[in-house]
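Participant: would you be able to build a 3D model of this:
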Amino acid sequence: MPILTVSAVLVWLGPDGALSEQILQVVFIGLAGLTVPHMIVVTHENHHRRASTAPDLS
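Facilitator: Model (predicted):
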């Protein structure tokens, strides 16, 4: 599926293959929009696992 998407984008760009600055901004903002929530979930899960596997000192 990703190969088809990349191929479609390359065909859409035409023979010169120039990416405009706006397209690059959208891509990087989109990646950040996906990465930040993912890292929040990963951090939360790591804290949860550490808390559940911590030795009981009582």
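
Participant: where in this structure is pLDDT low?
Facilitator: Residue ranges of the chain with pLDDT under 70: 1, 13-19, 54, 56-58.

Participant: residue boundaries of the helices in it?
Facilitator: 2-13, 21-53 (DSSP state H).

Participant: just checking, what packs against the shortest one?
Facilitator: What that stands for is helix 2-13. The contact analysis (3 or more Cβ pairs under 8 Å, 6 or more residues apart in numbering; DSSP states H and E) places helix 2-13 against no helix or strand. Where C-beta positions appear, they are placed from N, C-alpha and C, glycine not excepted.

Participant: and that helix with helix 21-53, angle?
Facilitator: In terms of direction (axes from the mean of the first three to the mean of the last three Cα atoms, to 10 degrees), helix 2-13 departs from helix 21-53 by 160 degrees.

Participant: return the alpha-carbon coordinates of helix 2-13 using CSV.
Facilitator: The C-alpha trace of helix 2-13 is given here as CSV (Å, rounded to 0.1, in the frame of the first residue of the first chain):
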residue,chain,number,x,y,z
PRO,A,2,2.7,2.6,0.8
ILE,A,3,4.4,1.9,-2.5
LEU,A,4,1.1,2.6,-4.3
THR,A,5,0.8,5.9,-2.4
VAL,A,6,4.3,7.0,-3.2
SER,A,7,3.8,6.1,-6.8
ALA,A,8,0.6,8.1,-7.0
VAL,A,9,2.3,11.1,-5.5
LEU,A,10,5.2,10.9,-7.9
VAL,A,11,2.8,10.6,-10.9
TRP,A,12,0.8,13.6,-9.5
LEU,A,13,4.0,15.7,-9.2
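
Participant: distance from the chain centre to that helix, please.
Facilitator: 19 Å (Cα atoms, centre = their mean, to the nearest Å).

Participant: about what we covered before: any chance of the helices of the chain in a markdown table, with mean neighbour count too?
Facilitator: Formatted as a markdown table, the helices of the chain follow (neighbours: other Cβ atoms under 10 Å):
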| stretch | mean neighbour count |
| --- | --- |
| helix 2-13 | 9 |
| helix 21-53 | 10 |
